[in-house]
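Participant: Please work out how this folds:
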Amino acid sequence: MLIIRIGYVMEVSFELVILLYQPATYETADVVNTWVYRQGLQSGQYDLAAAAGLFNAVVAFVLVMTANTLSRRFSRTSLW
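Facilitator: Predicted structure coming up:
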């Protein structure tokens, strides 16, 4: 379960942030998901938002693969 949950390190509870999201809090409360939302849906820059979302997914995938490799090396158990 730890290996799978490491992929969620990049995810933040989008719903909790978006409820309090307003222009006054953009600088302090902006996370990757809200930035993608603001750029993609509000500004109409779909290409930039898609690239940022893809980058977020690739980083999460690399974290899971690294955790799986480390788990296989140290405890001899892994996801596959």
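Participant: Which strand or helix spans residue 27?
Facilitator: helix 26-29 (DSSP states H and E).
Participant: Packing partners of the top helix by length along the chain?
Facilitator: Ranked by residue count, the top helix of the chain under DSSP state H comes out as helix 46-75. Using 3 or more C-beta pairs under 8 Å, 6 or more residues apart in numbering; DSSP states H and E as the contact criterion, the elements in contact with helix 46-75 are helix 2-6, helix 32-37. From N, CA and C alone the C-beta is placed, and that goes for glycine too.
Participant: How far off centre is it?
Facilitator: Taking C-alpha atoms, centre = their mean, to the nearest Å, the mean C-alpha location of helix 46-75 is offset from the chain mean by 9 Å.
Participant: before we move on, back to that, winner for burial among the helices and strands packed on helix 46-75?
Facilitator: Mean neighbours per residue, mean count of other C-beta atoms under 10 Å, is largest over these for helix 32-37, with a mean of 18.
Participant: Contacts for it, please.
Facilitator: Residues outside helix 32-37 that contact it (C-beta atoms under 8 Å, 6 or more residues apart in numbering): 10-12, 14, 17-18, 21, 49, 52-53, 56.
Participant: same check, this time on stretch 39-47
Facilitator: By C-beta under 8 Å, 6+ apart, stretch 39-47 touches 48-50, 52.
Participant: nearest residue to the residue nearest to the spatial centre of the chain other than its sequence neighbours?
Facilitator: By C-alpha atoms, centre = their mean, the mean C-alpha position of the chain lies nearest to residue 10, the distance being 3.2 Å. Leaving aside its chain neighbours, residue 10 sits nearest to residue 60 (4.6 Å; criterion: C-beta to C-beta, 6 or more residues apart in numbering).
Participant: so who does that neighbour touch?
Facilitator: 7-11.
Participant: Report the buried members of those.
Facilitator: Buried by 16 or more other C-beta atoms under 10 Å: 7, 10, out of those.
Participant: can I get the contacts of residue 60 in CSV with secondary structure and pLDDT?
Facilitator: Formatted as CSV, the contacts of residue 60 follow (DSSP: H, G, I helix; E, B strand; the rest coil; pLDDT from 0 to 100):
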residue, secondary structure, pLDDT
7, helix, 79
8, helix, 82
9, helix, 81
10, helix, 78
11, coil, 79
